[in-house]
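# Predicted model and sequence follow; I will ask about them next.
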Amino acid sequence: MTAPAEPGATKKQWLAVFGSLLGAFMAILDISITNASLKDIQGGLSATLDEGSWISTAYLIAEIIVIPLTGFLSRVFSLKKYLLWNTAAFIASSILCGFAPNLVAMIFFRILQGFSGGVLIPLAITIVMTHLPRRQQPIGMTLFGLAVTFAPCIGPTVGGWLTVNYGWPYIFYINLFPGLLLIAILYYALAETPLQTDLLKHADWWGIGFMAAALGSLTVVLEEGVRDDWFGSSLIVTLTFVCVFAFAAVIVRELTAKNPFINLRLLTRRNFLLTTLMGTIFGYGIFGSLYMLPYFLASIQKLDAEQIGQIMMWQGIPQFFILPFIPFLVKRFDARVLLGVGLLLFGTSWMANSHVTQDWAKDQFFWTQILRALGQPFFITPLTTIAYFGIEPSEIGSAAGLSNMMRNLGGSIGIGTLGALLNHQYHLHFTRLAESTSAFSIGVQEQLHDRAALFAAGSPVLGKQEALASIFQSLNQQALVMSFGDCFLWMGFLFYFGAFLLIFTKGSGGAVPASAGAH
């Protein structure tokens, strides 16, 4: 006798899922929406380039700190109330960012925005896993995948367009309408649950404090290390010591505490550990691309915010044509195969970019952007299917917090290490090019003669100086382009390594595990 079919989710449950995904989309969008507009924001706030970098860093630090806390705090304050209050805080802080009179105020409001927005990301997974039956969870996770991968890709495009056409404050004001819609949806669709404030008495405050110190200091080190000459800066040295000590304290505390706020023992499960590493690589690639490509297009091609956004959008748009098929594929193929396809497509796109030249612009980046866009939909749903295989329903919140934290942390690691690698390779290539460019060689003499004649304008001495300067500029640009190629090659190898890790994961079939689907 066949078992009765599992009932599908109600319209109210689907509405709750849609609302949570809208919140996650908004929060992730705000990580990258300022990327293409930082120069305009810096100008509006009279900030230097180094000071202006904190506009992005402040948001990311706050978001990374709060993500692992959301599982615990949503139990304390009830899922519905916690989401509603944080959504309201996200809207308010977004509006305040648009009105910020100076850099200090902007950084403060961005921290508030990050603390409230970070809550919306892992709780979207929690709602998908607790409001949808097992057979419909691949659909929910596919939609979550759209939010996670499409939002950062479209962020620079939306931000650049709003900045050019309306002014930079509108990249923050844009959160108002969807934020109010989100509040209405969550208020209607989520069930009331009782507060559990007694949990605060037994909360793992030491663990929470150590984790906040560890993540905050690590993010600052990674984001600011390149600009502050790494360990040549006393601030970076101090924060590195804080980071190492705090992470060691977190590990000891969470493995020995009676009621740890986050279950690090989940990392002893092979699938969860390996997929967490792959998720970190995924965050590295997504946010690394949002750092590297705009930097290349601005520094080599001298494009403005809107032009950069028009190129970047091709990493997002094609996903709409692939995502509808992901739930169908997850049910019929081993999730490891699908995830492997995504990792290999992403890695191959970066390998192709490693052949970059100074002539690359929209047309040359188009197909590699398409290749990444085709690979991205194969990440989140298969990754979650493998990661949550065998995890108890009570641990889904901790698992979601850990995996989302590591993905965002991967993005921060990506920006920091890619910046350092780019700087190191630039100096290496420039030195080698300069050594091979002898002022006495026939080729260089011909270049000097031709350029001096071009720049002379009646003054041979001035013409020769201009010719030397132009040759120096050519060497400088060529060294920078070669450095970008090295960074792209490194990212390609990293994604191939992620595909290699799949060999060691356990198969989970073609569906989300039953343990993840309990209501």
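Thanks, I have it. Computed from a predicted model, the values in this text were never measured in an experiment.
# would you list every one of the helices in the stretch 251-400 of the chain?
With helices called from DSSP state H, counting those that start in this stretch, the stretch 251-400 of the chain shows them at 270-299, 305-312, 319-322, 326-332, 335-353, 362-375, 380-387, 396-436.
# Any idea how far the longest one is from the middle of the chain?
A distance of 12 Å separates the centroid of the chain from that of helix 396-436, by CA atoms, centre = their mean, to the nearest Å.
# Kindly report the same for the first one.
Helix 270-299 sits 7 Å away from the centroid of its parent chain (CA atoms, centre = their mean).
# Just want the angle from that helix to helix 335-353.
20 degrees (axes from the mean of the first three to the mean of the last three CA atoms, to 10 degrees).
# Could you pull up the residues touching residue 405?
Going by CB atoms under 8 Å, 6 or more residues apart in numbering, residue 405 touches 64, 67, 68, 122, 215. Every residue, glycine included, has its C-beta placed from N, CA and C.
# can you tell me the helix or strand for residue 223?
helix 205-224 (DSSP states H and E).
# on contacts alone, who are the packing partners of that helix?
helix 54-66, helix 234-256, helix 396-436 (3 or more CB pairs under 8 Å, 6 or more residues apart in numbering; DSSP states H and E).
# JSON lines for the ones you listed, including distance to residue 338 and mean pLDDT?
What follows is the helices and strands packed on helix 205-224, written out as JSON lines (distance: least, CB to CB, whole Å; pLDDT from 0 to 100):
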{"stretch": "helix 54-66", "distance to residue 338": "28", "mean pLDDT": "79"}
{"stretch": "helix 234-256", "distance to residue 338": "32", "mean pLDDT": "89"}
{"stretch": "helix 396-436", "distance to residue 338": "17", "mean pLDDT": "79"}
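# so which of the helices of the stretch 251-400 of the chain comes closest to residue 248?
helix 396-436 (16.9 Å; CB to CB).
# Quickly find the element holding residue 184.
helix 176-189.
# Please state the offset of that helix from the chain centre?
The answer for helix 176-189 is 25 Å, by CA atoms, centre = their mean.
# for that helix, which positions count as buried?
178, 179, 182, 183, 185, 186, 189 (16 or more other CB atoms under 10 Å).
# Residues contacting it, please?
So helix 176-189 is contacted by 12-13, 15-16, 18-20, 22-23, 26, 80, 83-84, 87-88, 90-91, 94-95 (CB under 8 Å, 6+ apart).
# How about the contacts made by the spatially closest residue to residue 158 that is not a sequence neighbour?
Take residue 158 and drop its neighbours on the chain: the residue closest to it by CB to CB, 6 or more residues apart in numbering is residue 33, 6.0 Å away. Applying CB under 8 Å, 6+ apart, we find residue 33 in contact with 155, 156, 158, 159, 171, 174.
# residues near residue 248, how many?
12 (other CB atoms under 10 Å).
# Tell me, please, where in the protein the pLDDT is lower than the cut-off.
Counting by pLDDT under 70, the chain has low-confidence residues at 1-6, 35-36, 48-53, 226-228, 305, 316, 436-472, 507-519.
# Torsion angles phi and psi at residue 192?
phi -70, psi 140 (degrees, to the nearest 10).
# which residues does the nearest residue to it once chain neighbours are set aside contact?
Distance criterion CB to CB, 6+ apart; nearest residue to residue 192, sequence neighbours excluded, is residue 80 at 6.0 Å. With contacts defined as CB under 8 Å, 6+ apart, the neighbours of residue 80 are 186, 187, 190, 191, 192, 193.
# likewise residue 255?
Residue 255 sits next to 264, 265 when contact means CB under 8 Å, 6+ apart.
# what about 7 Å?
Shown in contact with residue 255 (CB atoms under 7 Å, 6 or more residues apart in numbering): residue 264.
# That one and residue 296, how far apart?
Separation of residue 255 from residue 296 (CB to CB, to the nearest Å): 43 Å.
# same check, this time on residue 12
Distance from residue 12 to residue 296, by CB to CB: 47 Å.
# who has more neighbours, those two?
Comparing residue 12 with residue 296 by neighbour count (other CB under 10 Å), the higher total belongs to residue 296, at 26 against 13.
# My guess is that one contacts residue 483. True?
No - Residue 296 is beyond contact range of residue 483, at 9.9 Å (criterion: CB atoms under 7 Å).
# before we move on, back to that, distance to residue 320 for the contacts of residue 80 - can I get that in TSV?
Output for the contacts of residue 80, formatted as TSV (distance: CB to CB, whole Å):
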residue	distance to residue 320
186	25
187	29
190	28
191	32
192	35
193	35
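# Return the distance of the spatially closest residue to residue 283 that is not a sequence neighbour relative to residue 499.
Using CB to CB, 6+ apart and skipping residues adjacent in sequence, the residue nearest residue 283 is residue 410, 3.1 Å away. Distance from residue 410 to residue 499, counting by CB to CB: 16 Å.
# Neighbour count: these two, which is higher?
Per other CB under 10 Å, whichever of residue 410 and residue 499 has more neighbours is residue 410, with 23 against 20.
# Could you pull up the residues touching that one?
Counting by CB under 7 Å, 6+ apart, residue 410 has contacts 279, 280, 281, 282, 283, 284.
# Also residue 240?
Per CB under 7 Å, 6+ apart, neighbours of residue 240: residue 221.
# Pull up the gap between it and residue 317, please.
40 Å.
# For the contacts of residue 80, which two are the farthest from each other?
187 and 193 (13.8 Å).
# domains of this protein?
As recorded under automatic domain parsing, the domains making up the chain are 11-203+261-426+480-516, 204-260.
# Include distance to residue 435 when you put these into a markdown table, please.
Conversion of the domains of the chain to a markdown table gives the following (distance: least, CB to CB, whole Å):
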| stretch | distance to residue 435 |
| --- | --- |
| domain 11-203+261-426+480-516 | 14 |
| domain 204-260 | 24 |
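# Can you give me the buried ones in the host helix or strand of residue 84?
In the assignment (DSSP H and E), residue 84 maps to helix 79-99. By 16+ other CB under 10 Å, the buried positions in helix 79-99 come out as 79-84, 86-87, 89-98.
# now for the very next helix or strand once past that helix, which elements pack on it?
For helix 79-99, the succeeding helix or strand toward the C-terminus, using DSSP H and E, is helix 103-131. Counting contacts by 3 or more CB pairs under 7 Å, 6 or more residues apart in numbering; DSSP states H and E, helix 103-131 is packed against helix 11-32, helix 54-66, helix 70-77, helix 79-99, helix 137-165, helix 396-436.
# chain center to helix 103-131, what's the gap?
Centre to centre, stretch against its chain (CA atoms, centre = their mean), the figure for helix 103-131 is 14 Å.
# Check stretch 255-268 too.
26 Å.
# Which residue comes closest to residue 152 once chain neighbours are left out?
Nearest to residue 152 is residue 32, by CB to CB, 6+ apart, at 4.4 Å.
# contacting residues around that neighbour?
Here residue 32 is in contact with 152, 155, 156, 290 (criterion: CB under 7 Å, 6+ apart).
# Which single one of those residues is nearest to residue 104?
Of the contacts of residue 32, the one sitting nearest to residue 104 (CB to CB) turns out to be residue 155, at 24.3 Å.
# For burial, what's the neighbour tally of the closest one?
26.
# Tell me the spacing between the closest residue to it other than its chain neighbours and residue 60.
Closest residue to residue 155 apart from its sequence neighbours, by CB to CB, 6+ apart: residue 32 at 3.2 Å. Distance, residue 32 to residue 60, using CB to CB: 10 Å.
# Noted, bye for now.
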